[in-house]
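# only geometry, no sequence info:
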């Protein structure tokens, strides 16, 4: 149902329709679906939801200062922030060949609830729910469940954080665990345990793998004299070694 098709009373009057139409023209959009209901304690306030291609327009039409002056306040919710679209239908038999359907619609954010048994308003509610379901972001509640079935969920509020396990063990934790336990039931007789032998074997294999990788990658620079043996030459061999002309030694 479009804005121009909505019934005048007891929901919307011509002034509200005209003001909303001006907003739509300023935004350069058209209404895709509309739903309005009575709000407030006095019954003279209206809440009008207008679905457009850019977002959901939430309107409040109420007296401003006095009953002779009214104001229309609008807040736009982009579709990316809309959460929790729920539409329910209950169809029951009145008598033979007669039935009635009750439509219930709810949004979690922004919070909005409406229900009707009127065929015309039920169609309007279905139109609004269809647009919201297509345009809104997923809410995250598994299929077949509502927010009341999920512990800790508040309509329109943040979802509870899932429980997390303890963080990964650090190197110090692993070393402490290795030192505190061995294959001999915790008795240290000075002999290497099976776990120590296996650890040494793993380290040897890792070192061999690193050496093979370094050979394949090319020569590695090392400091001069590193790993070499210093040989002392006899005096006659030192005299045979050529020297520079400017070497005073």
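Arrived safely. This structure is a prediction, so every number in the text was calculated from the model and none was measured.
# Now for this protein, the helix or strand with the poorest mean pLDDT.
Every helix and strand of the chain was ranked by mean pLDDT, DSSP states H and E. The lowest is helix 171-180, at a mean of 55.
# From residue 14, how far off is the closest residue to residue 136 other than its chain neighbours?
Residue nearest to residue 136 in three dimensions, not counting chain neighbours: residue 82, with 3.8 Å by Cβ to Cβ, 6 or more residues apart in numbering. Just so you know, the C-beta spots here come from the backbone N, C-alpha and C atoms, and that holds for glycine as well. As judged by Cβ to Cβ, to the nearest Å, residue 82 and residue 14 stand 29 Å apart.
# higher neighbour count, these two?
Each of residue 82 and residue 14 has its neighbours counted (other Cβ atoms under 10 Å); residue 82 has more, 21 against 8.
# Thought residue 56 was touching the more buried one, still the case?
Yes. Residue 82 is within contact range of residue 56, at 6.1 Å (criterion: Cβ atoms under 8 Å).
# Common neighbours of those two, please.
With contacts taken as Cβ atoms under 8 Å, 6 or more residues apart in numbering, the residues that reach both residue 82 and residue 56 are 110, 132.
# neighbours around residue 99, how many?
9.
# Could you check which helix or strand contains the nearest residue to it once chain neighbours are set aside?
Sequence neighbours aside, residue 93 is the residue nearest to residue 99 in space, at 5.1 Å (criterion: Cβ to Cβ, 6+ apart). For residue 93, the host element (DSSP states H and E) is strand 83-95.
# what's that strand packed up against?
The elements that strand 83-95 packs onto, with contact taken as 3 or more Cβ pairs under 8 Å, 6 or more residues apart in numbering; DSSP states H and E, are strand 98-109, helix 119-135.
# so residue 88 makes contact with residue 113?
No. Between residue 88 and residue 113 there is no contact under Cβ under 8 Å: 10.9 Å.
# Mind listing the shared neighbours of the two?
104-105.
# Flag the shaky bits of this protein, pLDDT-wise.
Applying pLDDT under 70 to the chain flags the ranges 8-10, 41-43, 66-68, 139-231, 240-249.
# still on that earlier bit, ok, which of the helices and strands packed on strand 83-95 comes nearest residue 49?
helix 119-135 (6.4 Å; Cβ to Cβ).
# who's in contact with that closest one?
For helix 119-135, contacts defined as Cβ under 8 Å, 6+ apart pick out 1, 6-7, 32-35, 49, 51, 56, 79, 82, 85, 87, 101, 103, 105, 107, 114, 116.
# Pull out the buried members of those.
Buried members of the contacts of helix 119-135, counted by 16 or more other Cβ atoms under 10 Å: 1, 6, 32-35, 49, 51, 56, 79, 82, 85, 103, 105, 107, 114, 116.
# residue contacts, residue 82?
By Cβ under 8 Å, 6+ apart, the neighbours of residue 82 are 55-56, 107, 109-110, 132, 135-137.
# Against residue 78, how distant is residue 13?
For residue 13, the distance to residue 78 (Cβ to Cβ) stands at 29 Å.
# This structure: helices as residue ranges?
14-27, 119-135, 171-180, 194-217, 235-240 (DSSP state H).
# Give me the buried positions along the first one.
Judged by neighbour count using 16+ other Cβ under 10 Å, the buried positions of helix 14-27 are 16-17, 19-20, 23.
# Check which helices and strands that helix is in contact with.
Packing contacts for helix 14-27, counted by 3+ Cβ pairs under 8 Å, 6+ apart, involve strand 45-51, strand 55-64, strand 66-78.
# try it again with 7 Å
Secondary-structure packing of helix 14-27 (3 or more Cβ pairs under 7 Å, 6 or more residues apart in numbering; DSSP states H and E): strand 45-51, strand 66-78.
# Export the ones you listed as CSV, with columns for distance to residue 236.
CSV is the format used below for the helices and strands packed on helix 14-27 (distance: least, Cβ to Cβ, whole Å):
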stretch, distance to residue 236
strand 45-51, 105
strand 66-78, 95
